[in-house]
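Engineer: No sequence on hand, only this structure:
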């Protein structure tokens, strides 16, 4: 799959190049069709339950003072991606910036001055080629660990996620080329905190409960989102998300489930509409008496919360609106680790097994 | 080793408890001897070339309005550590905070209100027991990846760091219990950036050059520092540190080599005086024409730089003073990834092998 996808991406890049050469040859202003990526062209797709980009595109011309720079930047990153694919190497977003950063001969103009320019150009290239950045051999940050009853093949190595000691497998930034060889696990718990992952791992949670545990530290990388999605698509493993009860945690859940505005064009590759929110919920707080571990919300948290509560998918759900209302009443956040106050292994022995057994999730 | 160390830590905790009971029984004000941890008691040890804590201690009394709270907090975390050791479980710093956070019966006083209180109490406990927090079964954050010609044993699993695909082994927060089974590698490169690790890993740098590559993302965790130190102590592997040329990079190097002020009491467990600075140096900048990738230093960087240049070990070195002077002249920082502008695999094919072959390091 990866191999053929790689060459598909390459073919697409060649096709774009040929189209531009043809423009030049017939004396047409060279141009690219770039899908528009602002809110006017992003909607929530009720059918797929993810954010999606509409069909509006804009032409980007070479001979147009307003377009030239972006046009050149897009071609520059296309050239870099082509080189990477040619030699079978990957580069990070930061690498691509440095590769593109040079002065146009006989001028004092740099092709790019800041990384956000190459980042944007790459996002445009994803749209133009209809291939994810990872398929163009460009990676973002590497983060996160996984353990569980799964065997994968990656770069010729067979890797058993259940035989990696206390560390687990370190999730790469690009998981497109890994192959699943054996998947015995019945579900996945994805958690926002590495320390909670270590708790569950030490308690052999994945072994006792026949599952996979996965975490990053803070934001969910694209590598992790793709790994979750691939496990869901290929094995229909239910995915449960475990975060703090706070705006950031709910945002993490929201991004995994519905996609994010900045990556709406990637929703079909990244969003996983079936994921469920395991906790911490406001009801958990009441049930397990976690009020004494309240941490007062800051003004910024409160305005962030309002914003998130207004996302269409949360706004349309009375269960979620109830959660948001209660958080507002609490005026506080509660961390996953507050469960530690009930006992070292309370989360592994009681909280998680009970919630999962009772199907006590929020959609 | 781990087992016996664990019970040593436990014995020490019991000893402290017994001493306090004895105080009570003979009507003495219960007290603990706590080494003082401020600059007045920290010096640079010329012999070991690391920071070290002096011998000054202060008595902490139970019946002393200024001491009671800290006294109780110290005992509380000692109790938690004892429980963790008893049941053979580990907890994160955040967990310990939640375990300690409760209201003293019939009062409105919490034992702790903020994590920094349990963190401080744990640091005191490290000193009082002369055991690292990890040996008290308390972990900090998990971060980082490793690959290379090493086989370890951890939790009954044999883990070959050369057979873990594109991800590598995810470094746990606590590496005290891992055993090295086979170490073929000749040296270690530790780098500050995960993206650079992925570059070297894809280029099979460790395989071609017979080494270990290790990275975190940003700060070096205690797990990583201990792992580096154990590999150095047991196998005398040279360790080369690769960071950006900026105050933060130099600070990372400095902490690995000499220790940090806040953990001066742990220097013998964490500092590795033999590590060498591989780059990016100011001479690399000139040699590889990286000036065009200068990023201007901010005011905060400049004051941070002054502060670091004044650390005794840097102040006493004319090589380092030259570096600091040149950075000041550059008035800029340079990132590792700037090397990507010379070619995708320039760092793996040329920069690193040449520097290592020529012994081109700063001490």
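Structural biologist: That came through fine. What you see is a predicted model, and the numbers here were worked out from it, not measured in a lab.
Engineer: Any buried residues in the helix or strand bottoming out on mean pLDDT in chain A, and which?
Structural biologist: Ranked by mean pLDDT, DSSP states H and E, the weakest helix or strand in chain A is helix A:267-270, scoring a mean of 79. Buried residues in helix A:267-270, counted by 16 or more other C-beta atoms under 10 Å in any protein chain shown: A:267, A:269, A:270. Any C-beta I mention is one placed from the backbone N, CA and C, and that applies to glycine too.
Engineer: continuing past that helix, what's the next helix or strand?
Structural biologist: Where DSSP states H and E defines the elements, the next helix or strand beyond helix A:267-270 is strand A:276-279.
Engineer: counting contacts, what elements does that next one pack onto?
Structural biologist: Strand A:276-279 is packed against strand A:239-242, helix A:352-357, with contacts defined by 3 or more C-beta pairs under 8 Å, 6 or more residues apart in numbering or on different chains; DSSP states H and E.
Engineer: Can you say which of these is packed in most?
Structural biologist: Across the helices and strands packed on strand A:276-279, averaging neighbours per residue (mean count of other C-beta atoms under 10 Å in any protein chain shown) puts strand A:239-242 on top, at a mean of 23.
Engineer: I'd like the next helix or strand past that one.
Structural biologist: With elements assigned by DSSP H and E, the helix or strand that comes after strand A:239-242 is helix A:247-258.
Engineer: hmm, that next one touching chain B?
Structural biologist: No. Using C-beta under 8 Å from any C-beta of the partner chain, helix A:247-258 stays clear of chain B, coming no nearer than 14.5 Å.
Engineer: Over to the residue nearest in space to the middle of chain A: give its phi and psi.
Structural biologist: Closest to where the C-alpha atoms of chain A average out (C-alpha atoms, centre = their mean) is residue A:222, at 3.7 Å. Torsion angles at residue A:222 (phi, psi; degrees, to the nearest 10) stand at phi -70, psi -30.
Engineer: Local confidence estimate at the closest residue to it other than its chain neighbours?
Structural biologist: Ranked by C-beta to C-beta, 6 or more residues apart in numbering or on different chains and with sequence neighbours excluded, the top spatial neighbour of residue A:222 is residue A:140, at 5.6 Å. On the pLDDT scale, residue A:140 is placed at 83.
Engineer: What are the phi and psi values at residue A:140?
Structural biologist: When quoted as degrees, to the nearest 10, the phi and psi of residue A:140 stand at phi -100, psi -150.
Engineer: before we move on, the earlier item: same list, the buried residues of helix A:267-270, but as CSV with distance to residue A:93 please.
Structural biologist: Formatted as CSV, these follow (distance: C-beta to C-beta, whole Å):
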residue, distance to residue A:93
A:267, 20
A:269, 17
A:270, 16
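Engineer: So which residues of the stretch 251-363 of chain A form strands?
Structural biologist: A:276-279, A:295-296, A:332-333 (DSSP state E, counting those that start in this stretch).
Engineer: Next, the contact list for residue A:153, please.
Structural biologist: A:159, A:178, A:179, A:181, B:165 (C-beta atoms under 8 Å, 6 or more residues apart in numbering or on different chains).
Engineer: Quick one: neighbours of the closest residue to the second one other than its chain neighbours, just the number.
Structural biologist: Same thing as residue A:178. What sits nearest to residue A:178 in space, not counting adjacent residues and going by C-beta to C-beta, 6+ apart, is residue A:154, at 4.4 Å. Neighbour count of residue A:154, defined by other C-beta atoms under 10 Å in any protein chain shown: 19.
Engineer: Any idea what residue A:154 is bridged to?
Structural biologist: residue A:157 (DSSP bridges).
Engineer: So the longest helix anywhere in chain A, near chain B or not?
Structural biologist: Scanning chain A for the longest helix, with DSSP state H as the assignment, gives helix A:2-25. No. Helix A:2-25 is not in contact with chain B by C-beta under 8 Å from any C-beta; minimum separation 11.5 Å.
Engineer: what does that helix rub up against?
Structural biologist: Residues outside helix A:2-25 that contact it (C-beta under 8 Å, 6+ apart): A:28-32, A:75, A:78, A:81-82, A:85-86, A:128-131, A:135-137, A:176-177.
Engineer: one step back: how about a markdown table for the strands of the stretch 251-363 of chain A, with mean pLDDT and mean neighbour count added?
Structural biologist: As requested, the strands of the stretch 251-363 of chain A are exported to a markdown table (pLDDT from 0 to 100; neighbours: other C-beta atoms under 10 Å in any protein chain shown):
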| stretch | mean pLDDT | mean neighbour count |
| --- | --- | --- |
| strand A:276-279 | 96 | 22 |
| strand A:295-296 | 94 | 12 |
| strand A:332-333 | 96 | 20 |
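Engineer: Helix, strand, or coil at residue A:32?
Structural biologist: Under DSSP: H, G, I helix; E, B strand; the rest coil, the three-state class of residue A:32 is strand.
Engineer: check contacts around the closest residue to chain B within the stretch 251-363 of chain A.
Structural biologist: Closest residue of the stretch 251-363 of chain A to chain B, C-beta to the nearest C-beta: residue A:340 (4.0 Å). Counting by C-beta under 8 Å, 6+ apart, residue A:340 makes contact with A:199, A:346, A:347, B:91, B:94, B:95, B:96, B:98, B:99.
Engineer: swap the cut-off to 10 Å and go again
Structural biologist: The neighbours of residue A:340, taking C-beta atoms under 10 Å, 6 or more residues apart in numbering or on different chains as the test, are A:195-196, A:199, A:293, A:346-347, B:80, B:91-92, B:94-101.
Engineer: So which of the residues you listed belong to strands?
Structural biologist: Of the contacts of residue A:340, the ones assigned to strands by DSSP state E are B:91, B:92.
Engineer: Just the buried ones from the contacts of residue A:340, in ChimeraX syntax?
Structural biologist: Selecting only the buried entries of the contacts of residue A:340 in ChimeraX, with 16+ other C-beta under 10 Å as the criterion:
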select /A:195,196,199,293,347 /B:80,91,92,94,95,96,97,98,99,100,101
